[in-house]
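> coords please:
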Amino acid sequence: MQSATSLAEPRPTVADFHRVNRGGGLFSESISQWLGAVFALVAQRLGLRPTALTITNLVLGLATSVTVVALAEPVADGDVPAWVVGLLALVGWQVAYSLDCADGQLARVTGQGSAAGARIDILCDVAAQIALVAALAATAAAQEPSTPTWLVATFAGTWMVNLVTSVMQAGPNAASMVTSTSLPVRLVKLVRDYGAVVFVAALVLAVAPALVLWVLVAFTVVNGGFLLASIAFSARASLR
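Numbering: from 1, shown residues only. Next comes the predicted model:
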């Protein structure tokens with residue numbers, strides 16, 4: 001006669017959680033999604049629901065960004081070492097993003113997904129990314145007081161292109177402009193990999209905060225260019 005233990009379903013492993021990840025890019029799949037799988041495993045063992053991870057992601061992301069904003073002037077004045085703020089941003093933003101990866105993994109593996117859970121996940125992502133944009137803009141303004149207002153506004157607007165397109169990719173009519181999965185293409189796509197983007201942003205905060213202004217310029221060009229390309233791609237497809 002089999003014991004109750006032998007009849008029980010095997011407990012999911014880190015690999016099981018990672019297997020159901022939704023990608024995000026080379027950096028995210030290699031680092032953020034694996035860390036997210038660890039968080040999902042711990043949450044499953046503790047009996048937590050996916051939304052608990054979503055809220056934790058929001059709180060940590062907001063706390064990190066608010067701290068960067070609060071320390072922007074002290075860093076610019078030389079009262080606080082830049083590496084301290086950069087390290088805080090690197091750990092805080094990366095862990096928050098990994099928790100964002102984890103909530104979906106936990107929902108899919110445990111069957112706890114819901115429309116309400118998906119909505120709060122998106123809303124928390126929006127709130128966390130608004131705070132991150134504010135942190136980078138505050139740092140740029142503190143380092144270079146003449147930072148153009150129009151640049152900050154354009155940077156903030158185009159930054160959300162990533163979030164909007166990722167939501168659109170989840171629908172039944174999702175399509176990619178570049179379908180190749182070759183390594184060179186995936187390396188190029190790192191410019192739109194959220195895990196890689198926040199890693200670079202935190203690295204600049206730590207090593208050369210005076211260059212954050214150029215981070216704003218670079219991301220504005222990349223995201224603005226992607227938006228225009230996406231419009232052209234979708235327009236051509238709709239006219240066929």
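> Any idea how far the helix or strand containing A202 is from the middle of the chain?
In the assignment (DSSP states H and E), A202 maps to helix 194-207. Here helix 194-207 shows a centroid-to-chain-centroid distance of 11 Å under the convention CA atoms, centre = their mean, to the nearest Å.
> avg pLDDT for that helix?
For helix 194-207, mean pLDDT is 95.
> Give the other helices and strands that it contacts.
The contact analysis (3 or more CB pairs under 8 Å, 6 or more residues apart in numbering; DSSP states H and E) places helix 194-207 against helix 26-27, helix 82-110, helix 115-143, helix 212-238. (Each C-beta comes from the backbone N, C-alpha and C, glycine too.)
> and of the ones you listed, who's closest to V66?
helix 115-143 (6.7 Å; CB to CB).
> if I look at the spatially most central residue of the chain, how far off is S230?
By CA atoms, centre = their mean, the mean C-alpha position of the chain lies nearest to Y194, the distance being 4.3 Å. Distance, Y194 to S230, using CB to CB, to the nearest Å: 17 Å.
> Point out where the protein drops to low pLDDT.
Counting by pLDDT under 70, the ranges of the chain that qualify are 1-9, 166-181, 183, 185.
> which phi and psi does P209 have?
For P209, the backbone dihedrals (degrees, to the nearest 10) come out as phi -60, psi -20.
> typo on my end, V20
According to degrees, to the nearest 10, V20 has phi -100, psi 10.
> What is the burial count for it?
Each residue near V20 was counted by other CB atoms under 10 Å, and the total is 16.
> ok, for it, nearest residue in space, not its chain neighbours?
Nearest non-adjacent residue to V20, counting by CB to CB, 6 or more residues apart in numbering: R108, 4.4 Å away.
> quick one: the one you found and P50, what's the gap?
Counting by CB to CB, the gap from R108 to P50 is 9 Å.
> Between these two, which has more neighbouring residues?
P50 (26 against 18).
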